[in-house]
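Colleague: build me a model from this:
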Amino acid sequence: MADYTDTIRSFIETEMAGPGHKASLSPSDSLIDKGIVDSLGVQRLIAYLEKEFGVEIADTEIVPEHFETISAVADFINFKLGAKG
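Modeller: From the prediction side, this is the model:
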């Protein structure tokens, strides 16, 4: 199983966290509680994940558990890539 944590963290920190966010995010930080990912942010993150990893994320898979933390997103992508093969 590949570790996509750094790739996903880099996108979130550079493209979503905004200029007010200075510290590096840990894999277990809540993206929702920190205000980094809201409903529009989830859509932006999904678009990135689909393009970057070549996966299709169904509406039924858009649940907070998959997007709460960087680790959760990485685990979800590993699951999706495993399901593709």
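Colleague: excluding covalently adjacent residues, which one is nearest to Val42?
Modeller: Spatially, and ignoring its direct neighbours in sequence, Val42 is nearest to Phe67 (5.4 Å; Cβ to Cβ, 6 or more residues apart in numbering). (Glycine included, C-beta is placed from N, CA and C.)
Colleague: show me what contacts that neighbour?
Modeller: Leu31, Ile32, Val37, Val42, Leu45, Val73, Phe76 (Cβ atoms under 8 Å, 6 or more residues apart in numbering).
Colleague: please tell me I have it right and Lys80 contacts Val55.
Modeller: Yes - at 4.3 Å, Lys80 counts as touching Val55 under the criterion of Cβ atoms under 8 Å.
Colleague: can you list the low-confidence ranges for this structure?
Modeller: 1, 19-23, 84-85 (pLDDT under 70).
Colleague: spatially central residue for it, please.
Modeller: For the chain, Val73 is the residue whose C-alpha lies nearest the centre (Cα atoms, centre = their mean; 4.2 Å).
Colleague: work out for me the element it sits within.
Modeller: Using DSSP states H and E, Val73 maps to helix 70-84.
Colleague: done for today, thanks.
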